[in-house]
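Q: Attaching a predicted model along with its sequence, questions to come.
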Amino acid sequence: MTKTILRALAGETLPTPPIWMMRQAGRYLPEYRATRAEAGDFLSLCYNPELAAEVTLQPIRRYGFDAAILFADILLLPQALGVDLWFVTGEGPRMTTVTTDAEFDKLGRGDMIHDTLNPVYETVRILSRELPKETTLIGFAGAPWTVATYMIAGQGTKDQGPAHALKAENRALFEKLIDRLTESTIDYLSKQVEAGAEVVKIFDSWAGSLKGEDFERYALEPARIITKEMKARFPDLPVIAFPRQAGDKYVGFHAATGADCVALDDSVTPEWAAQNVQPGGCVQGNLASSHMVTGGDALVSETRRVVQAFSKGPHIFNLGHGITPDADPENVKLMIDTVRETA
Ligand SMILES: Cc1c2[nH]c(c1CCC(=O)O)Cc1[nH]c(c(CCC(=O)O)c1C)Cc1[nH]c(c(CCC(=O)O)c1C)Cc1[nH]c(c(C)c1CCC(=O)O)C2
């Protein structure tokens with residue numbers, strides 16, 4: 001029997017949508033916090049295959065999600081290209097910037113990324129042995145634009161101002177960076193698939209700040225190239241694209257990129273997306289993650305609404321963005337029970 005997530009990704013409408021959750025291994029879980037403390041810090045956890053596999057498995061054991069997502073981070077790739085990366089507690093990632101040709105020229109390329117990323121592939125190998133046979137293993141990478149926004153600013157930003165500024169001031173350098181990230185992302189994802197990832201997801205968290213032609217060039221086009229090359233190398237590999245906050249640009253994203261599934265954030269209604277995006281293929285999403293904090297009747301009614309809106313086509317139930325550290329683990333259970341009862 002084919003795994004439910006793979007069936008949905010192949011375009012099948014299932015009686016109950018398969019479920020997983022962005023950031024399902026995370027700080028809202030006491031067992032995650034304990035393992036992270038054992039590892040020392042977040043990056044040490046990412047590079048410790050035994051412990052990274054352990055935190056990936058924790059939400060599977062607790063909730064029986066239909067998919068596990070590799071525990072790692074989108075910023076490991078720039079680190080593998082040679083930038084310094086660290087996390088400031090309570091604030092987020094920091095890295096050395098790439099805003100000049102000289103800084104760009106110091107970046108690595110080709111197979112050298114694997115020296116740093118080998119522990120991630122080892123995590124994938126452990127997981128493909130240890131996951132329950134019905135659970136799908138999802139590998140992932142950041143989309144070039146989103147990763148570039150962190151590399152250019154040296155940290156997270158509200159409006160991706162520094163990346164937009166570099167794009168305006170030195171478009172040739174900006175485009176070289178996007179191209180280098182596109183190439184390295186293909187190499188990185190390929191190694192994850194060779195190690196046992198069954199699906200790959202491309203996270204473009206800041207796609208929504210690209211407007212007009214910039215969206216086509218720097219969100220859609222890299223997703224198309226990555227998808228095309230991954231499918232050339234691995235013909236049966238399903239690809240999930242997440243151009244977060246794309247709004248009306250979600251329409252036609254499957255066809256334009258070749259992605260099997262488009263993940264939706266919660267700024268679009270499920271009714272609108274069912275009508276305008278789901279005809280293109282499988283969709284994933286899109287309950288607001290705040291319900292995992294607030295719970296109650298609203299959680300139940302909004303979960304039912306998402307399930308019902310997408311019930312006539314291929315759908316993978318998920319949140320619209322990652323679960324937050326202040327979420328209540330009991331609310332996750334309530335969401336899963338509601339999905340499985342509603343369908
Ligand atoms: C932009 C981005 C990043 N990382 C990621 C994105 C794209 C998705 C999104 O928009 O959320 C993706 C990511 N990050 C993480 C995963 C693992 C898989 C999963 O469970 O979803 C995935 C898929 C673990 C993580 N990545 C991070 C944590 C929290 C770190 C900790 O335990 O202290 C986890 C579990 C840290 C991280 N990593 C990043 C930031 C901005 C932060 C700090 C914010 C925060 O603290 O939540 C970069």
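A: Looks like it came in fine.

Q: Start and end of stretch 315-331, how far apart?
A: 21 Å (Cα to Cα, to the nearest Å).

Q: ok, now stretch 97-116?
A: When the termini of stretch 97-116 are compared using Cα to Cα, they are 19 Å apart.

Q: Now it: buried residues?
A: 97-99, 103-104, 107, 113, 116 (16 or more other Cβ atoms under 10 Å). From N, CA and C alone the C-beta is placed, and that goes for glycine too.

Q: Show me what counts as buried in stretch 218-225.
A: Buried residues in stretch 218-225, defined by neighbour count with 16+ other Cβ under 10 Å: 218-225.

Q: Now render the buried residues of stretch 97-116 as CSV, adding distance to the ligand and secondary structure.
A: Below are the buried residues of stretch 97-116 laid out as CSV (distance: Cβ to the nearest ligand atom, whole Å; DSSP: H, G, I helix; E, B strand; the rest coil):
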residue, distance to the ligand, secondary structure
Thr97, 16, coil
Val98, 16, coil
Thr99, 19, coil
Glu103, 20, helix
Phe104, 21, helix
Leu107, 19, coil
Ile113, 17, helix
Thr116, 16, helix
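
Q: can you redo the residues you listed as JSON lines with pLDDT and distance to Gly154?
A: As requested, the buried residues of stretch 97-116 are arranged in JSON lines below (pLDDT from 0 to 100; distance: Cβ to Cβ, whole Å):
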{"residue": "Thr97", "pLDDT": "98", "distance to Gly154": "4"}
{"residue": "Val98", "pLDDT": "98", "distance to Gly154": "9"}
{"residue": "Thr99", "pLDDT": "98", "distance to Gly154": "9"}
{"residue": "Glu103", "pLDDT": "97", "distance to Gly154": "11"}
{"residue": "Phe104", "pLDDT": "98", "distance to Gly154": "14"}
{"residue": "Leu107", "pLDDT": "96", "distance to Gly154": "15"}
{"residue": "Ile113", "pLDDT": "97", "distance to Gly154": "20"}
{"residue": "Thr116", "pLDDT": "97", "distance to Gly154": "19"}
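
Q: Out of those, which is nearest to Ala25?
A: Ranking the buried residues of stretch 97-116 by separation from Ala25, with Cβ to Cβ as the measure, puts Thr116 on top at 21.0 Å.

Q: Return the member of the buried residues of stretch 218-225 nearest to Gly258.
A: Comparing the buried residues of stretch 218-225 against Gly258 with Cβ to Cβ places Arg224 closest, at 6.3 Å.

Q: So what does the nearest residue to that closest one once chain neighbours are set aside look like in phi/psi?
A: Leaving aside its sequence neighbours, Arg224 sits nearest to Thr257 (Cβ to Cβ, 6 or more residues apart in numbering; 4.4 Å). With angles defined as degrees, to the nearest 10, Thr257 sits at phi -110, psi -20.

Q: In this protein, which residue sits nearest the ligand?
A: Residue of the chain nearest the ligand, by Cβ to the nearest ligand atom: Ser205 (3.2 Å).

Q: The residue in the chain sticking out farthest from the centre: which element?
A: Most distant from the centre of the chain: Ala102, at 30.6 Å, with distances by Cα atoms, centre = their mean. Element membership for Ala102 (DSSP states H and E) is helix 101-105.

Q: what packs against that helix?
A: Judged by 3 or more Cβ pairs under 8 Å, 6 or more residues apart in numbering; DSSP states H and E, the packing partners of helix 101-105 are helix 171-195.

Q: Show me what counts as buried in the helix it packs on.
A: So, applying 16+ other Cβ under 10 Å, buried residues of helix 171-195: 173-174, 176-178, 180-193, 195.

Q: again with stretch 258-275
A: 258-266, 268, 270, 273-274.

Q: So it, near the ligand or not?
A: No - under the criterion of Cβ under 6 Å from any ligand atom, stretch 258-275 makes no contact with the ligand; the nearest approach is 9.2 Å.

Q: that older thread, just the closest of the buried residues of stretch 258-275 to Tyr28, please.
A: Among these, Asp266 lies closest to Tyr28 (Cβ to Cβ), at 17.7 Å.

Q: Next, the spatially most central residue of the chain: secondary structure please.
A: Taking Cα atoms, centre = their mean, the centroid of the chain lies closest to Phe203, which sits 4.0 Å from it. Three-state call for Phe203 (DSSP: H, G, I helix; E, B strand; the rest coil): strand.
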